[in-house]
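>>> Structure of the sequence below:
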Amino acid sequence: MHNDDNNHDVGAVPGRQNGHRHEHARHGVATRRGVTPREQIAGWGSDLDRANRPGVPMERTPPRLDGPLRPPEQQHSAVEVLVSPERPGITPLYGTSAPPRGLSGMLRRAAFKMTENDIRHWLMLLLADRVDVVEGIGDDLRQGRVPNVLGEMGMAAEWRYNKAGVAKKAAIGAAVVGIGYYLLKRRRT
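Numbering: from 1, shown residues only. Modelled structure (predicted):
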C-alpha cells in the first residue's frame, strides 16, 4: 500500500498524485459501494512495522550459519562418470543410476570430449538418449519382456485428449513408411 504523504513528487500537491486525488488512502479503500476500512481487508498490513503486525509472533527468521561450512564428502563410485572438459573436477555428489553403456555410452563419451559451447556436444547427447531408448527396448526383448511402447509414450492419454493430433501423427507415419516402401521397391526393380 502506498501513503500519499510520503510518495508524491517534489513540488506536487499533497494528497494528489499524477493528477488524481487519493483521499481514500488515509481512511480506507474505495469500493463501488463505499469505503471499506483497511482493518477488514484480509492480509492488510503485512508491510507494516513488525511490532504492529498480527503475524509477528508466528514468524521466525532461520538462524544464521556462523562459522566455516564444511563441504560434503566426495562421493565414491564404481561406475564411470562423464565430466565436462570445461569443469574437470567432479562435484561432491552426483547421480550414478544410468552409467554410460553400449552404443549410447560411446556417443556420450565422444560428446564429453567436446566443450559445452559446441552444438555437436548437445546433438550427440540427444542422439545418445534416442539410441538408449532403442537399446532399452532391445534389453527388454532379450529378457523376455515385451515393452508397452505405446503405453509408455502416453498414447492412451494422447488419444483421449488429442485425437486430431494422433490422427495427424498416424497419417504422417503412414506416409513416411509408404514413401520408404515405394523407394525401396523402385530401387530393387
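>>> those strands in the protein, which residues are they?
Per DSSP state E, the chain carries strands over the ranges 16-17, 20-21, 29-31, 34-36.
>>> weakest of these in terms of mean pLDDT?
Comparing mean pLDDT across the strands of the chain, the weakest is strand 16-17, with a mean of 48.
>>> okay, now Ala128: neighbour count?
Neighbour count of Ala128, defined by other C-beta atoms under 10 Å: 21. (Each C-beta comes from the backbone N, C-alpha and C, glycine too.)
>>> from here on, count from 49
I'll keep to 49 as the first residue from here, and by that count the last item is Ala176.
>>> hang on, it packs against Arg156?
Yes. With contact defined as C-beta atoms under 8 Å, Ala176 counts as touching Arg156 (4.8 Å).
>>> Now do the longest helix along the chain: distance to the chain's middle.
In the chain, assigned by DSSP state H, the helix with the most residues is helix 211-236. Taking C-alpha atoms, centre = their mean, to the nearest Å, one finds helix 211-236 lying 34 Å from the centre of the chain it belongs to.
>>> With stretch 110-126 instead?
26 Å.
>>> Stretch 140-156 too?
Here stretch 140-156 is found 22 Å from its chain centre; the criterion is C-alpha atoms, centre = their mean.
>>> which residues touch Val129?
For Val129, the contacting residues are Ile138, Tyr142, Thr144, Pro147, by C-beta atoms under 8 Å, 6 or more residues apart in numbering.
>>> The same query, at a cut-off of 10 Å, please.
With contacts defined as C-beta atoms under 10 Å, 6 or more residues apart in numbering, Val129 is in contact with Gln123, Ile138, Thr139, Tyr142, Gly143, Thr144, Pro147, Pro148, Phe160.
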